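**Q** Got a predicted model here, sequence first, then my questions.
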Amino acid sequence: MSVKVDAQFYNENGYLLVKGVFSPEEVAEMREAVERVIQKAAATKYDRSHAWQGDFLPPEELKKLVLKGFHDVHYHEAVFTRALSHPNMTAVLTELIGPNVQLHHSKMLVKPPERGAAFPMHQDYPYFPHARHSMLAASMHLDDSDLENGCLSVIPGSHKQGPLPHVGAHYLNHKEYPLSLGTPCPAQAGDVLFFNYLTIHGSDVNRSERPRRNVLFQYRDPADLPINDEHVNWGQGLMVAGENPVFKEYRADYKLA
């Protein structure tokens, strides 16, 4: 199975939807893994919802919404380790980033049926700013995604504006950048949406009876150094393609919970 990569489109627009990166069998295996992660988390103190708590919706409506999000899912299920370095993924990544590609982190986002929360328009840059802006997200679809179940929307070319001021450091002013301003990116299960971390993006509420399950991988050029130490985790830095030109001793800096 081969994939088509239009690097020129990505450079111009800041995003690229690549069809059929994963087979139906691979998607089914990852869906099962997502369910196991949710079930395991539910039995611990780490279960949480990532619904936005701003003025985008009235408080009584916000309470009804759910967005299940867990970071570093490749620590929990090996299927995601295989996915993040899948030959089809590296074929795209080396075209968009370059010969050397490093994982920054992984994340699972699940919008349950009928009450899956929206994510207002934002850039990912404020979460983990880097010097050369090579960072991109690869949003892997485990379900068919459309406007009804809250597919991602992007503003083409917005990555060329550079970093923008965010409300509370995480979201753009939703009155200036409403979700309606974005271009919807409907996708099928197995497709991957790649977008630069400066590309403005967001997603609406899941109003359907279908779930919207995505696993997101963040990648960078290992020579593109972070501006600060935000969003650093103890397993960061896995090489997915090529080599790391910066040699140093990596030490874990974490506390056991």
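**A** Ah, there it is.
**Q** okay, and the helix or strand of this structure with the least pLDDT?
**A** Taking mean pLDDT, DSSP states H and E as the measure, the chain has helix 59-62 as its least confident helix or strand, at a mean of 43.
**Q** Can you give me the neighbour number for the residue lying closest to residue 227 once chain neighbours are set aside?
**A** Nearest in space to residue 227, with sequence neighbours left out and distances taken as C-beta to C-beta, 6 or more residues apart in numbering, is residue 129 at 4.3 Å. To be clear about C-beta, it is placed using only N, CA and C from the backbone, and glycine gets the same treatment. Counted with other C-beta atoms under 10 Å, the neighbours of residue 129 add up to 18.
**Q** Kindly provide the distance from residue 180 to residue 204.
**A** Applying C-beta to C-beta, to the nearest Å, one obtains 9 Å for the distance of residue 180 from residue 204.
**Q** Next: residue 144.
**A** Counting by C-beta to C-beta, the separation of residue 144 from residue 204 is 16 Å.
**Q** Looking at the two, which one has more neighbours?
**A** With other C-beta under 10 Å as the criterion, residue 144 and residue 204 differ in neighbour count, and residue 204 comes out ahead with 22 against 15.
**Q** doesn't residue 178 make contact with that one?
**A** No: the pair formed by residue 204 and residue 178 falls short of the contact definition of C-beta atoms under 8 Å, at 10.3 Å.
**Q** can you give me the end-to-end distance of stretch 129-139?
**A** End-to-end distance for stretch 129-139: 19 Å, by C-alpha to C-alpha, to the nearest Å.
**Q** the strands in this structure, which residues?
**A** Assigned by DSSP state E, the strands in the chain fall at 15-18, 68-71, 101-111, 119-122, 136-141, 152-154, 183-184, 192-196, 201-203, 212-220, 239-241.
**Q** name the helices or strands packed onto the third one?
**A** I take that to be strand 101-111. Using 3 or more C-beta pairs under 8 Å, 6 or more residues apart in numbering; DSSP states H and E as the contact criterion, the elements in contact with strand 101-111 are helix 24-42, strand 68-71, helix 78-84, helix 87-96, strand 212-220, strand 239-241.
**Q** Mind checking the pLDDT average for the last one?
**A** Pointing back at strand 239-241 there. Per-residue pLDDT values across strand 239-241 average out to 96.
**Q** What lies in contact with it?
**A** 84-85, 89-90, 93-94, 99-103, 219, 222 (C-beta atoms under 8 Å, 6 or more residues apart in numbering).
**Q** so who does residue 138 touch?
**A** Under the criterion of C-beta under 8 Å, 6+ apart, the contact list for residue 138 reads 89, 92, 93, 192, 193, 194, 216, 217, 218, 219.
**Q** same question, residue 8
**A** Counted by C-beta under 8 Å, 6+ apart, residue 8 has zero contacts.
**Q** how much space between it and residue 214?
**A** Taking C-beta to C-beta as the measure, residue 8 falls 26 Å from residue 214.
**Q** who does the residue most central in space within the chain bridge with?
**A** Compute the mean C-alpha point of the chain, and by C-alpha atoms, centre = their mean the closest residue is residue 216, 3.4 Å away. Beta-bridge pairing for residue 216 (DSSP bridges): residue 107, residue 139.
**Q** so it touches residue 106, yeah?
**A** Yes: Residue 216 is in contact with residue 106 according to C-beta under 8 Å; the separation is 6.9 Å.
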